[in-house]
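Peer 1: give me the fold of what follows.
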Amino acid sequence: MTRNDVRFDLSPFLIHFFRKVRYEDADMTFYPDDWGPGAITEDDHVPPFFLLRNAIRLNRLWATWSQRKGKRTIHGPDPAVCFTDMPIAAFIEAGEARAAKDEAMSPIALVLPKAELLAAGAIPAIYGRSGTRSGPRTGRDGRRTFPEAELPPIEQFRYVTLSADGRIDWTHEREWRWPFRGTFPEQDGIPSPDGRALPGLDLEFEGKGVIVQSRSQAERVRHDILVQHDRGTRGSYRFVIVRDDIPSMTHLREPDGVQEALRAAAMDLSDLLSMQRSRRNRLISAFGQAIDGVDATRLPNTGRQDGGCWLWLTDIAHEMTRALVSGNMVHVDQEGRYLIDTQIGRRLSLARREELTRRLADVLLERHELRATYHSVQGSCDPDAMPNYSKPPLHDRKIYNYATDG
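Peer 2: Prediction:
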């Protein structure tokens, strides 16, 4: 049987878009104290691009109850992750139009393969119910449920209101949902303040894509994707679509045009992931020579603390960094820091090793234009432990995900 599925109104993808979130918004029941790796929030809201980068860095989309006007729109016992089945061109047009009206949508999004999401448990929403039925009951915990005889609890997360008079009609969003069936970490009804602990859909899919507005946004996303690759995170990204590079949506309305656009937007990291062995070995040797060139005289005579101290390479695209990563000399920690245990001054106090590592960073900058700093943990050799100390490059908008970078 021939399938009639190559049409302008169909797509092999599902799209999860991000919207601006205001702290005073009544629909937001909580905010993480720690959003995720490198997240810096200093304003009264977080923009879509911040949330996109946070999801890529966590490699997860949080499951939520999707509150609107103080009420949950996800019914039943399970929170969910929501997607739209709109083709890419229709999605971008709708996202731009609604964002211009300050509505709950934007064209900033993750694009995921529909077949893989279906296999993971995502399924189309159910719009309305047949016949005259009672409305959902709201429990003390805010949970909204239908009688089991009318809609099985396991299917209630799929329900989307559709009124008979047409005043409430969201069918144009062509929504799909993925349910989270596990335990939601809460204390006194409040979700965990640690963004890393919040459950959801792990993005362990091949062939993912991203939609951003500008080239500068694309470069920051490319940085985040490279970090995920170097950490060994499961899944891969196939493309990054830059809206500013698309002169007209008309081109994206046909299947052939979409495929052409995806080829043009291909996520190619080969220039960073491949290097001739001889070149890699020369760069690793030059790194060793930089260590030998550190001036170890006139060190500070302060403190006797012990702990771990690492060189933190802050330019992850530099060819020396790529050589060291290829040579398995770099540990990428939970915050996305590229750390090397140089063993420099390993029998000295922590304060002296910090100073030697700072001097090594100066040598690398002078000889190879490679930016670096130090990272240390008092009383532990675990780079993710606390308390830790460093001189972080807070000006670097690739390393840090600022909520002010809308």
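Peer 1: can you say which helix or strand has Arg346 in it?
Peer 2: For Arg346, there is no helix or strand it lies in under DSSP states H and E.
Peer 1: just Gly288 next, same as before
Peer 2: For Gly288, the host element (DSSP H and E) is helix 277-292.
Peer 1: again with Arg98
Peer 2: Going by DSSP H and E, Arg98 is in helix 88-100.
Peer 1: check Gln217 too.
Peer 2: Counting by DSSP H and E, Gln217 is found in helix 215-230.
Peer 1: what does Ser376 give?
Peer 2: strand 372-378.
Peer 1: and after that strand, which helix or strand comes next?
Peer 2: Downstream of strand 372-378, the next assigned helix or strand under DSSP H and E is strand 388-390.
Peer 1: helices or strands next to that next one in the packing?
Peer 2: Where contact means 3 or more C-beta pairs under 8 Å, 6 or more residues apart in numbering; DSSP states H and E, strand 388-390 is packed against strand 372-378. Every residue, glycine included, has its C-beta placed from N, CA and C.
Peer 1: adjacent strands (with direction) for the strand it packs on?
Peer 2: Strand 372-378 sits in its sheet next to strand 307-313 (antiparallel), strand 388-390 (antiparallel), going by DSSP bridges.
Peer 1: show residues contacting the last one.
Peer 2: If I follow you right, that is strand 388-390. With contacts defined as C-beta atoms under 8 Å, 6 or more residues apart in numbering, strand 388-390 is touched by Trp312, Glu354, Thr373, Tyr374, His375, Ser376, Val377, Gln378.
Peer 1: again, 10 Å this time
Peer 2: Strand 388-390 has contacts (C-beta atoms under 10 Å, 6 or more residues apart in numbering) with 307-310, 312, 333, 335, 337, 350-351, 354, 357, 373-378, 380, 382.
Peer 1: can you mark which positions in that strand are buried?
Peer 2: Neighbour counts using 16 or more other C-beta atoms under 10 Å place Asn388, Ser390 of strand 388-390 among the buried residues.
Peer 1: parallel or antiparallel, list what pairs with the very next helix or strand once past it.
Peer 2: Proceeding N to C from strand 388-390, the next assigned helix or strand is strand 401-402, under DSSP H and E. Using DSSP bridges, the strands paired with strand 401-402 are strand 39-40 (parallel).
Peer 1: the following helix or strand past the strand it pairs with - what's its average pLDDT?
Peer 2: Toward the C-terminal end, the helix or strand that comes next after strand 39-40 (DSSP H and E) is strand 45-46. Strand 45-46 carries an average pLDDT of 88.
Peer 1: could you say what helices and strands strand 45-46 packs with?
Peer 2: Packing contacts for strand 45-46, counted by 3 or more C-beta pairs under 10 Å, 6 or more residues apart in numbering; DSSP states H and E, involve strand 21-22.
Peer 1: gap between the strand holding Ser376 and the chain center?
Peer 2: Centroid separation for strand 372-378 versus its chain: 25 Å, with C-alpha atoms, centre = their mean, to the nearest Å.
Peer 1: and it, average pLDDT?
Peer 2: 96.
Peer 1: just want the angle from that strand to helix 277-292.
Peer 2: On the basis of axes from the mean of the first three to the mean of the last three C-alpha atoms, to 10 degrees, strand 372-378 is oriented at 60 degrees to helix 277-292.
Peer 1: got the buried residues for strand 372-378?
Peer 2: Those would be Ala372, Thr373, Tyr374, His375, Ser376, Val377, Gln378, for strand 372-378 by 16+ other C-beta under 10 Å.
Peer 1: then stretch 171-180?
Peer 2: Glu173, Arg174, Glu175, Trp176, Arg177, Trp178, Pro179, Phe180.
Peer 1: ditto for stretch 398-406
Peer 2: In stretch 398-406, counting by 16+ other C-beta under 10 Å, buried: Lys398, Ile399, Tyr400, Asn401, Tyr402, Ala403, Gly406.
Peer 1: nearest to Leu10 among those?
Peer 2: Gly406 (32.0 Å; C-beta to C-beta).
Peer 1: what is the burial count for the spatially closest residue to the closest one that is not a sequence neighbour?
Peer 2: Counting by C-beta to C-beta, 6 or more residues apart in numbering, Pro47 is the residue found nearest to Gly406 once chain neighbours are left out, at 3.7 Å. Neighbour count for Pro47, taken as other C-beta atoms under 10 Å: 19.
Peer 1: show me the contacts for the most centrally placed residue in the chain.
Peer 2: Closest residue to the average C-alpha location of the chain: Ile56 at 1.8 Å, with C-alpha atoms, centre = their mean. The contact partners of Ile56, taken as C-beta under 10 Å, 6+ apart, are 36-37, 110, 203, 208, 210, 220-221, 223-225, 227-228, 233, 237, 401.
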